[in-house]
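Asks: take a look and give me a structure for this.
(chains A and B, ligands or ions: 2)
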Amino acid sequence: MTFLALVATELRRFELRRAVRWMVVLGLLIVVVVNVVQLARSEVSAASATSEHIVQGPNGPVPVRIAHDAEDRRVRVGRTFEQTIRGLGIGLVMFGVLLGSTFIAAEFGASGLSTQLIFEPRRVRLYVAKTLAVFIGAAVSAAIIIVWAGLLQLLVSALRGSTAGVDAGWLGERATDVVRASSACGLGAVCATAVASIARRTVVAVGVLYGLTAGTGFLGGVTWGEPLARVSPMNTLFGMGYGDLNDPEGFFGLRTLTGAVTISLVWVLVVSVIGAWWFERREIR
Amino acid sequence: MAAAVEITGLRKVYGSKRPVAAVDGLDLSVPEGGVFGFLGPNGAGKTTTIRAMVGHLRASSGSIQLLGVDVDKALPTIIDQIGAFVEAPSFFPGFSARRNLELLASSRGFARADVRRALDTVGLEERANDRVSGYSLGMRQRLGIAAVLLKNPRLLILDEPANGLDPAGILEMRNLLRRLGAEGRTIFVSSHLLSEVQQTCDRVAVVVRGRCVANGTVEELLRGEVTRHRIRIPDDGDGSAQERAVSTLRAHGLEVERDGHGGLLVAVSPSRAQDVTRVLAEEHIYLAELTPIERSLEEVFFELTGEPGAA
Ligand SMILES: Nc1ncnc2c1ncn2[C@@H]1O[C@H](COP(=O)(O)OP(=O)(O)O)[C@@H](O)[C@H]1O
Ligand SMILES: [Mg+2]
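Replies: Numbers count the residues shown, from 1 in each chain, chains lettered A, B, ... in the order given. Ligands and ions are numbered 1, 2, ... in the order given. Next comes the predicted model:
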């Protein structure tokens, strides 16, 4: 009971933070911009339905007229939203890192930790509560952004596209996708929690994990590095966020979603144990 | 009755390359109830001791018991009875005072009414919705006290609570501490300001370079041994009587110096004060005044620490 009160308090702390709210609002705005562009481009192209070509005939060049099918560039949420979630899933892992780092670096820096510890001196408990709060907070933020993207895409489809394929079965599948991508975001934030609790500065924590992303890309490019890149936490989280791992080229050969989730969870556990251990031993100023 | 605070052989060494023993074998016993002053110049190790008391750092050696419980093993079991702040109280600057307190309260299941009461007690009710980032040091100090009071604690540990307060604030703080002490709580308050401690505390410990060098009631510390007396010799016009008195006393092996106001200071304890009258009378010099000199707490502090009263 008291532990739940602690988690609830930490979640409230997270949710009340201006930086967190601004980041979520920014995410929602980006989604709006993307959908406005899609709205503008959502149409069946009528122009140049035919084209003229010059073909070499037996008596010299002959003009030939070819008729094309009109190009259908309408937004169809029923077909495209799955792909949208995949793309968002990768971006939201980065977003989770940003959220977790910002919140935790401030929490474990100077501001208020000393006072908090006088209310809850069990540091591991406090650490776990903060970690859970960050996971829930980041995952819910991600879910809000994805659902917002879905609603706008549905609106665009209804206005100037097609809503074909949107039914109960489709909704169920997309709900599963939302849970997967949001969880990836939450786990990214938990990794950031561990790094930020040690680094205690947002830029350092973000730098470490974004740097790891770049490092993973580099490793993936060299023969001996590919197995390392495959199990790198950022790679497995991206794989989890994207969700479709049938392409052997993508995600440095990561094959299955179960594998991506499993390795991600192992990473999260390892960095969290290190983070908690560090925090337990640290001297508080 | 168990001691509210019992510290034995506390030692804390900072750093490994050039180790500094900030606390170096500190022994301290604080009885339950009343205001206890933990007095020492800057850098004496007060904050370090307090940080060890509330579990912010682990001591290199020694033990600390609060309310009869070993801090190293079981601080969480008594934490709800302890209110404390270390150095400048820390709060999240982007939140208001009220929000900061509400978050602390909700983490331990205290009610909103407790928050209001605490803010009211320290006189922050009016500014409670302002962000803490805009607070003066004195306001933060009050907020620190409010957070301490939130728990309705049995033991209060306050690190230099008068820091940053204006004279009116200091007076209020003093009254608040006395009132809380009179309610039967134990207030452990550190300070480098002697005047603070003298006016607020029932008992005092003086810490210097990480060790406790004196411990007792303020009266006990002041009483000590009277080691000097002031004497006055009636003026005989040319000051020759005083000259003769000085040489007579010196001839009898007593240390004498002029006090600069026409009197003489003789280094002698009360039990031997009569010697002064006797040897002078033998030379037909008669005293107009002989008074033992009470030491001020400033002098005691200076003797103990080698630093002037307000270090
Ligand atoms: N984190 C630290 N690392 C190294 N030395 C420290 C640290 N904190 C305090 N000290 C040193 O320990 C001594 C005692 O400091 P402190 O406990 O803050 O004294 P006080 O609170 O009585 O002024 C000082 O010499 C100080 O410089
Ligand atoms: Mg100090």
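
Asks: helices and strands of the chain: which one bottoms out on pLDDT?
Replies: Since no chain was named, I'll use chain A. Least confident helix or strand, chain A: strand A:44-45 with a mean of 72, by mean pLDDT, DSSP states H and E.

Asks: let's do chain B instead
Replies: Of all the helices and strands that make up chain B, helix B:297-305 has the lowest average by mean pLDDT, DSSP H and E, namely a mean of 72.

Asks: does it come close to ligand 1?
Replies: No. Under the criterion of CB under 6 Å from any ligand atom, ligand 1 is not reached by helix B:297-305; the shortest gap measures 11.2 Å. The C-beta positions use only the backbone N, C-alpha and C, and glycine is treated the same way.

Asks: check which helices and strands that helix sits against.
Replies: Of the remaining helices and strands, those touching helix B:297-305 by 3 or more CB pairs under 8 Å, 6 or more residues apart in numbering or on different chains; DSSP states H and E are helix B:194-200, strand B:203-208, strand B:211-217, helix B:218-223.

Asks: can you add mean neighbour count and distance to chain A and give those back as JSON lines?
Replies: Formatted as JSON lines, the entries for the helices and strands packed on helix B:297-305 read as follows, by neighbours: other CB atoms under 10 Å in any protein chain shown; distance: least, CB to the nearest CB, whole Å:
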{"stretch": "helix B:194-200", "mean neighbour count": "21", "distance to chain A": "22"}
{"stretch": "strand B:203-208", "mean neighbour count": "24", "distance to chain A": "20"}
{"stretch": "strand B:211-217", "mean neighbour count": "16", "distance to chain A": "21"}
{"stretch": "helix B:218-223", "mean neighbour count": "15", "distance to chain A": "29"}
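
Asks: now render these as JSON lines, adding distance to ligand 1 and mean pLDDT.
Replies: Shown next, in JSON lines, are the helices and strands packed on helix B:297-305 (distance: least, CB to the nearest ligand atom, whole Å; pLDDT from 0 to 100):
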{"stretch": "helix B:194-200", "distance to ligand 1": "13", "mean pLDDT": "82"}
{"stretch": "strand B:203-208", "distance to ligand 1": "7", "mean pLDDT": "92"}
{"stretch": "strand B:211-217", "distance to ligand 1": "12", "mean pLDDT": "90"}
{"stretch": "helix B:218-223", "distance to ligand 1": "19", "mean pLDDT": "76"}
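
Asks: any idea of the mean pLDDT in the strand or helix carrying A:Leu6?
Replies: If you go by DSSP states H and E, A:Leu6 is part of helix A:2-16. Helix A:2-16 shows an average pLDDT of 95 in the prediction.

Asks: equivalent analysis for stretch B:126-141, please.
Replies: Model confidence over stretch B:126-141, given as mean pLDDT, is 94.

Asks: near chain A, anything from it?
Replies: No. Using CB under 8 Å from any CB of the partner chain, stretch B:126-141 stays clear of chain A, with a minimum separation of 9.0 Å.

Asks: neighbouring contacts of that stretch?
Replies: Taking CB atoms under 8 Å, 6 or more residues apart in numbering or on different chains as the criterion, the residues outside stretch B:126-141 that touch it are B:88-89, B:91-98, B:100, B:119, B:124, B:143, B:161-166, B:169, B:173.

Asks: repeat that with 6 Å
Replies: The set of residues that contact stretch B:126-141 without belonging to it, under CB atoms under 6 Å, 6 or more residues apart in numbering or on different chains, is B:89, B:91, B:93, B:96-98, B:119, B:161, B:164-165, B:169.

Asks: please apply the same query to stretch A:71-81.
Replies: Contacts of stretch A:71-81 with the rest of the structure, by CB under 6 Å, 6+ apart, involve A:38, A:42-45, A:150, A:153-154, A:156-157, A:161-162, A:164-166.

Asks: just the buried ones out of these, please.
Replies: Neighbour counting over those (16 or more other CB atoms under 10 Å in any protein chain shown) leaves A:38, A:42, A:150, A:153-154, A:156-157, A:161-162, A:166 as the buried ones.

Asks: where's the dip in pLDDT among these?
Replies: Lowest pLDDT among these: A:Ser42, 83.

Asks: ok, that one touching A:Arg160?
Replies: Yes. Here A:Ser42 reaches A:Arg160: they are 4.2 Å apart, a contact under CB atoms under 6 Å.

Asks: SS state for the residue nearest the centre of chain A?
Replies: In chain A, the residue lying closest to the centroid (CA atoms, centre = their mean) is A:Leu92, at 1.9 Å. Here A:Leu92 is recorded as helix under DSSP: H, G, I helix; E, B strand; the rest coil.

Asks: ok, the closest residue to it other than its chain neighbours - contacts?
Replies: In space, and not counting its chain neighbours, A:Leu92 is closest to A:Cys185: 4.0 Å by CB to CB, 6 or more residues apart in numbering or on different chains. Neighbouring residues of A:Cys185 by CB under 6 Å, 6+ apart: A:92-93, A:96, A:138-139, A:142.

Asks: I'd like to know how far the residue nearest to the centre of chain A sits from A:Leu26.
Replies: Look at A:Leu92 and A:Leu26: by CB to CB, to the nearest Å, they are 13 Å apart.

Asks: ok, A:Val156 next?
Replies: Distance check for A:Val156 against A:Leu26: by CB to CB, it reads 21 Å.

Asks: could you do A:Ala106 as well?
Replies: When distances are taken as CB to CB, A:Ala106 and A:Leu26 turn out to be 18 Å apart.

Asks: mind checking if stretch B:55-65 is in reach of ligand 1?
Replies: No. With CB under 6 Å from any ligand atom as the measure, stretch B:55-65 is seen stopping short of ligand 1, the closest distance being 8.2 Å.

Asks: is chain A contacted by that stretch?
Replies: Yes. Using CB under 6 Å from any CB of the partner chain, a contact is recorded between stretch B:55-65 and chain A, made by B:55-57.

Asks: checking B:Ile187 next. Helix, strand or coil?
Replies: Under three-state DSSP, the three-state class of B:Ile187 is strand.

Asks: now do it against B:Gly33, distance only.
Replies: In this structure, B:Ile187 lies at 9 Å from B:Gly33, with CB to CB as the measure.

Asks: neighbour count: these two, which is higher?
Replies: Remark: of B:Ile187 and B:Gly33, B:Ile187 carries more neighbours, 29 against 17, as counted by other CB atoms under 10 Å in any protein chain shown.
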